[in-house]
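Peer 1: got a predicted structure here, sequence first:
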Amino acid sequence: MSSVRVLVGTRKGAFILTSDGRRERWDVSGPHFGGWEIYHLKGSPADPQRLYASQTSGWFGQVIQRSSDGGKSWETVGNKFAYDGPTGTHQWYDGTPHPWEFARVWHLEPSPTDPDTVYAGVEDAALFRTTDGGQSWTELAGLRTHTSAPSWQPGAGGMCLHTIVLDPRQPGRIFVAISAAGAFRSDDDGRTWRPINRGLHSEGIPDATAEVGHCVHRIAMHPSRPSTLYMQKHWDVLRSDDAGDNWREVSGNLPTDFGFAMGVHAHEPETVYVVPIKSDSEHFPLDG
């Protein structure tokens, strides 16, 4: 049986859990970066020893950490994230203009083929990329300068680009999700983008079926069927079988369709995991 590794980021550090295929006993390494908030910890599909971590704090700001030995040792790499060109504005909760400001990196997504290429989703919502293992970062500004961007508003946790999905069979196709703007897709490696929110319905926004403005919490894909996507939205679980062009609700008999986490089974593209949460004001599973 092959070994299993689980990477865990918490508000007090990072942990690496390893086991054999039976998963009966686990070895726990950590905390790495003890006392620091680790917003995301991700391994490279192209090199199992290459790991990246988004480390942040109110004192020292945003730091990107990289390991080339599976987490035994770490080095700080480039942490310069500068928005490209004129920054413009987006909307705040009350609809007033708000300047784009960098806060932190929410998501790191390494390339499936190159351990030195990594995409980063940040707050305020923007997409960056490194091709030198994190030493330098360049914004893919086509997303933030999309014509709909001035109307984007933050969710309760900020206006964060929290999900990046790379299509393993179609190089250059990128999916992202932004709270609270929605899901977007690029078919030309991030140069141009279009919203993919048809079929979404969100109470509480001026147009419940608008092209943008939906609070998407997560999207997930199985690598063997990249045109099939799953979405956990603020009060909905949805599915698309055409790369996000159209969505339909699949909440079914879930005890509640509100949640944040979502994952697709490693070998079964029809098996999806969600964590139902009681409500948008009580963020814990039903019955505690």
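Peer 2: Cool, the structure landed.
Peer 1: C-alpha only now, for contacts and for neighbours.
Peer 2: OK.
Peer 1: list the contacts for Asp167?
Peer 2: Residues in contact with Asp167 (Cα atoms under 8 Å, 6 or more residues apart in numbering) are 173-175, 223, 226.
Peer 1: swap that for Leu17, sorry
Peer 2: Leu17 sits next to 5-8, 26-29 when contact means Cα under 8 Å, 6+ apart.
Peer 1: let me know the closest of the residues you listed to Gln135.
Peer 2: Of all the contacts of Leu17, Gln135 sits closest to Leu7, with 22.2 Å by Cα to Cα.
Peer 1: longest strand of this protein, counting residues only.
Peer 2: Determined from DSSP state E, the single longest strand within the chain is strand 47-57.
Peer 1: geometric centre of the chain: which residue is closest?
Peer 2: Nearest residue to the geometric centre of the chain (Cα atoms, centre = their mean): Thr163, 1.8 Å.
Peer 1: tell me the predicted confidence for it.
Peer 2: According to the prediction, Thr163 has pLDDT 98.
Peer 1: give me the neighbour count for Ser136.
Peer 2: Ser136 has 15 neighbours, counted by other Cα atoms under 10 Å.
Peer 1: repeat for Ser68
Peer 2: Residues lying near Ser68 (other Cα under 10 Å) number 16.
Peer 1: I'd say it and Tyr52 touch.
Peer 2: No. Look at Ser68 against Tyr52 with Cα atoms under 8 Å: they stay out of range, at 9.0 Å.
Peer 1: before we move on, the earlier item: if you rank the contacts of Asp167 by neighbours, which is first?
Peer 2: Comparing the contacts of Asp167 by number of neighbours (other Cα under 10 Å), Phe175 comes first, having 26 neighbours.
Peer 1: disregarding residues adjacent in the polypeptide, which is nearest to it?
Peer 2: Once flanking residues are discounted, Phe175 sits nearest to Arg185: 4.6 Å by Cα to Cα, 6 or more residues apart in numbering.
Peer 1: could you do Asn79 as well?
Peer 2: Leaving aside its sequence neighbours, Asn79 sits nearest to Val63 (Cα to Cα, 6+ apart; 5.4 Å).
Peer 1: residue contacts, the one you found?
Peer 2: Val63 makes contact with 54-56, 76-79 under the criterion Cα under 8 Å, 6+ apart.
Peer 1: put together TSV for the residues you listed, with distance to Arg191, pLDDT and neighbour count on each row.
Peer 2: TSV is the format used below for the contacts of Val63 (distance: Cα to Cα, whole Å; pLDDT from 0 to 100; neighbours: other Cα atoms under 10 Å):
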residue	distance to Arg191	pLDDT	neighbour count
Ser54	24	97	24
Gln55	28	94	26
Thr56	28	89	20
Thr76	29	95	15
Val77	25	95	17
Gly78	23	83	18
Asn79	23	82	17
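Peer 1: and those residues, which is closest to Ala181?
Peer 2: The closest of the contacts of Val63, once distances to Ala181 are taken by Cα to Cα, is Ser54, at 22.6 Å.
Peer 1: do I have it right that that closest one meets Gln65?
Peer 2: Yes. Counting by Cα under 8 Å, Ser54 does reach Gln65; the two are 6.5 Å apart.
Peer 1: count of neighbours near Thr113?
Peer 2: Neighbourhood size, Thr113 [other Cα under 10 Å]: 13.
Peer 1: and the gap between it and Phe258?
Peer 2: Distance, Thr113 to Phe258, using Cα to Cα, to the nearest Å: 34 Å.
Peer 1: low-confidence stretches in the stretch 1-150 of the chain?
Peer 2: Residues of the stretch 1-150 of the chain meeting the criterion pLDDT under 70: 1.
Peer 1: now do 80
Peer 2: Counting by pLDDT under 80, the ranges of the stretch 1-150 of the chain that qualify are 1, 58, 86-87.
Peer 1: tell me which stretches of it form strands.
Peer 2: Using DSSP state E, counting those that start in this stretch, the strands of the stretch 1-150 of the chain run over residues 4-10, 13-19, 27-32, 37-44, 47-57, 61-67, 75-77, 89-91, 97-99, 104-110, 118-123, 126-130, 138-139.
Peer 1: how about those in TSV, adding distance to Gly252?
Peer 2: Shown next, in TSV, are the strands of the stretch 1-150 of the chain (distance: least, Cα to Cα, whole Å):
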stretch	distance to Gly252
strand 4-10	29
strand 13-19	33
strand 27-32	36
strand 37-44	30
strand 47-57	35
strand 61-67	40
strand 75-77	45
strand 89-91	34
strand 97-99	39
strand 104-110	29
strand 118-123	31
strand 126-130	33
strand 138-139	39
